[in-house]
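Visitor: give me the fold of what follows.
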Amino acid sequence: MIQTMKYVTALFCLVFTLSANAALDETKVQDWLSAVAASQQWSEANDGSLELIEDKVQGLSEVEAEAILKNEPLYKEFMGIASQYGFDSLQSLKARTFEIFAAVLDPEMQAQMKEGLTQGRAMLDSGMLDDGMKASMTEALSSLETMLAVSEKTTDADRQAVAPFKEQIIAFMDQE
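Guide: Residues are numbered from 1 along each chain as shown. Model prediction:
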C-alpha cells in the first residue's frame, strides 16, 4: 500500500481527543472494521491520485497535513466512504481507532510500545534525524504515549467488545 494511505490512516490513529463516546460494542467495532476495509479498497483504487498528493504532506506536522488534505477532493471522497459506516468526521474515526487499538493492547504489547518509546526518544536525542523526521518522530511518540495512557484506562467491557475481532485488529495494526 502506498505511503499516502498509510499517512491518512496514521492521521486518524495519531490524534485522540477524549470524548463522551459510549462504550465500545460489537456493532461499533464491526463498523470500524468495515470502514477500514473500505478505505483500503478506496486507497488501492485511487493509488495514482494519492501519489500526486503524497509530496504535499510529506514531512509536515499532522495538523499541517490535515489542513492540506481537507482541501483535496480525495478527502471529501474518503469522508463519504467513512460516513457510510457511521463516522461523521475524521475526528470521530480517529477517536474510534484509538479506542479500539487501546482496547486490544495486552500487557506484552504495552511493554513493546514502552520499549518503542525508549528507542524513539533515543533516536530523537541522537541528532541523526533532520527537522522533518524529528517532528514526525515527536508526534509518533506523543501518539504512543497517549495510546498507552488510554489503554491503561480502557474498561473490561471495551476489551471484551474487541476480543472477537482481536486478530483482525492486530493484523491491521501490523500493516501500519
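
Visitor: report the contact partners of residue 89.
Guide: Residue 89 sits next to residue 79 when contact means CB atoms under 8 Å, 6 or more residues apart in numbering. C-beta coordinates here come from the backbone N, C-alpha and C atoms, glycine included.

Visitor: can you give me the buried ones in the longest helix anywhere in the chain?
Guide: Longest helix of the chain, by residue count under DSSP state H: helix 131-153. The neighbour-count check on helix 131-153 (16 or more other CB atoms under 10 Å) flags 135, 136, 139, 140, 141, 143, 144, 146, 147, 148, 150, 151 as buried.

Visitor: and if you look at stretch 97-107?
Guide: Neighbour-count burial for stretch 97-107 [16+ other CB under 10 Å]: 97, 98, 99, 100, 101, 102, 103, 104, 105.

Visitor: who touches the closest residue to the last one other than its chain neighbours in this structure?
Guide: Nearest residue to residue 105, sequence neighbours excluded (CB to CB, 6 or more residues apart in numbering): residue 151, at 4.4 Å. Shown in contact with residue 151 (CB under 8 Å, 6+ apart): 102, 103, 105, 110.

Visitor: most widely separated two among those?
Guide: Maximum pairwise distance in these, criterion CB to CB, is 12.1 Å, between 103 and 110.

Visitor: now find how far off-centre the longest helix of the chain is within its chain.
Guide: Taking CA atoms, centre = their mean, to the nearest Å, the mean C-alpha location of helix 131-153 is offset from the chain mean by 11 Å.

Visitor: quick one: which of the contacts of residue 151 is nearest to residue 173?
Guide: When the contacts of residue 151 are ranked by distance to residue 173 (CB to CB), residue 105 comes first, at 9.4 Å.

Visitor: was I right to think that closest one contacts residue 113?
Guide: Yes - Residue 105 lies in contact with residue 113 (CB atoms under 8 Å); the separation is 7.2 Å.

Visitor: find residues that contact each of these two.
Guide: 147, 148.

Visitor: packing partners of the helix or strand in which residue 103 is found?
Guide: Per DSSP states H and E: residue 103 is located in helix 90-104. Secondary-structure packing of helix 90-104 (3 or more CB pairs under 8 Å, 6 or more residues apart in numbering; DSSP states H and E): helix 3-14, helix 26-45, helix 73-83, helix 131-153, helix 156-162, helix 166-175.
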